[in-house]
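**Q** Provide a 3D model corresponding to the input given below.
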Amino acid sequence: MSSLIGDVLLVARRDLAIERRSKVILDVVLPFAVVVVILFAFALDPDTGTLTGATPGLFWTTVLFSTLLTVQRQATFDASPGVRGMLLSTQIEPAAMFLGKVAAATVFIVALEAGLALAVALLYGPDVSSAASLVGGAALIGSLLFGAVAMGASGTLYASLTASVGAREALLPMLVLPLCSPLVLSATQASAAVLDGRASEAWRWLGLLAAAASFTLVLGAWLFEHTLEDA
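**A** Numbering: from 1, shown residues only. Modelled structure (predicted):
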């Protein structure tokens, strides 16, 4: 178990180091997400309350689009000449490799969520007073964390599956967007329940998010070896 954890941390540190040097998340993905949030603000009339009511859905839709850019960049780098062979030649178990990549993706997505949450709070003006309570705050943090893990695991798995396929830049969104729709729905409902002062109702949606994240982690750890061999 200690060896597995060590390998997971090694892979996660490797992906984090690559991002620290490239700064793609900070320089490309986060600005893209903020621009999407701003476009939603212009497209919907904030005076009607539509924008405020749609805040959770718009937030999580933007997170999903940003996740696509994040995992696609990681998959493109790993599929580059020499890198795939190097990954196969290491003594790291494929399951540990997958979990490490998901851990790094989760860190990226949580950072994106933090930046987006600030932008949404400034532009959309949602009532976050209910999130200040212990139950509401825990439910909101849980939705952000479980949503990040579930989307990171799903995106990493599907990006690896399409790494060796032609036109993967078009194929990946076609796979991820429909299959991640239940995740967006659950995260949206959980966040909406908290913002509407119904924090106790958010826990069933959090349970679905946690179950989806656990299932995808197990499935990805099992399938990742085959995706490496087929690539």
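
**Q** Tell me where the chain has helices.
**A** 2-22, 24, 30-43, 50-53, 55-78, 83-89, 94-124, 134-161, 168-179, 181-195, 202-230 (DSSP state H).

**Q** where does the closest residue to Met97 other than its chain neighbours land on pLDDT?
**A** Spatial nearest neighbour of Met97, chain neighbours left out: Val11 (5.3 Å); criterion: CB to CB, 6 or more residues apart in numbering. The way it works is simple: take the backbone N, C-alpha and C, and place the C-beta from them, glycine included. Looking at Val11, its pLDDT reads 85.

**Q** Tell me which residues touch Val11, please.
**A** Applying CB atoms under 8 Å, 6 or more residues apart in numbering to Val11 gives the contacts 92, 96-97, 99-101, 103-104.

**Q** By mean pLDDT, flag the weakest helix or strand of the protein.
**A** Across the helices and strands of the chain, mean pLDDT, DSSP states H and E gives its lowest value to helix 83-89, namely a mean of 62.

**Q** residues near Ser200, how many?
**A** Ser200: 12 surrounding residues under other CB atoms under 10 Å.

**Q** thinking again about what came up before, who wins on neighbours among the contacts of Val11?
**A** Ranked by the number of neighbours (other CB under 10 Å), the contacts of Val11 place Lys101 first, at 28 neighbours.

**Q** and the closest residue to that one other than its chain neighbours, what does it touch?
**A** Once flanking residues are discounted, Lys101 sits nearest to Thr156: 5.1 Å by CB to CB, 6+ apart. Counting by CB under 8 Å, 6+ apart, Thr156 touches 71, 74-75, 98, 101-102, 105, 220.

**Q** repeat for Phe40
**A** Shown in contact with Phe40 (CB under 8 Å, 6+ apart): 51, 54, 58, 62.

**Q** again, 7 Å this time
**A** Leu58 (CB atoms under 7 Å, 6 or more residues apart in numbering).

**Q** ok, it to Leu51 distance?
**A** Note on Phe40: its distance to Leu51, by CB to CB, to the nearest Å, is 7 Å.

**Q** can you tell me the average pLDDT over stretch 212-221?
**A** 90.

**Q** With distance to Glu19 added, can I get the contacts of Thr156 in CSV?
**A** Below are the contacts of Thr156 laid out as CSV (distance: CB to CB, whole Å):
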residue, distance to Glu19
Val71, 12
Gln74, 9
Ala75, 14
Phe98, 18
Lys101, 12
Val102, 14
Ala105, 10
Gly220, 20
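
**Q** Good, we can wrap up now.
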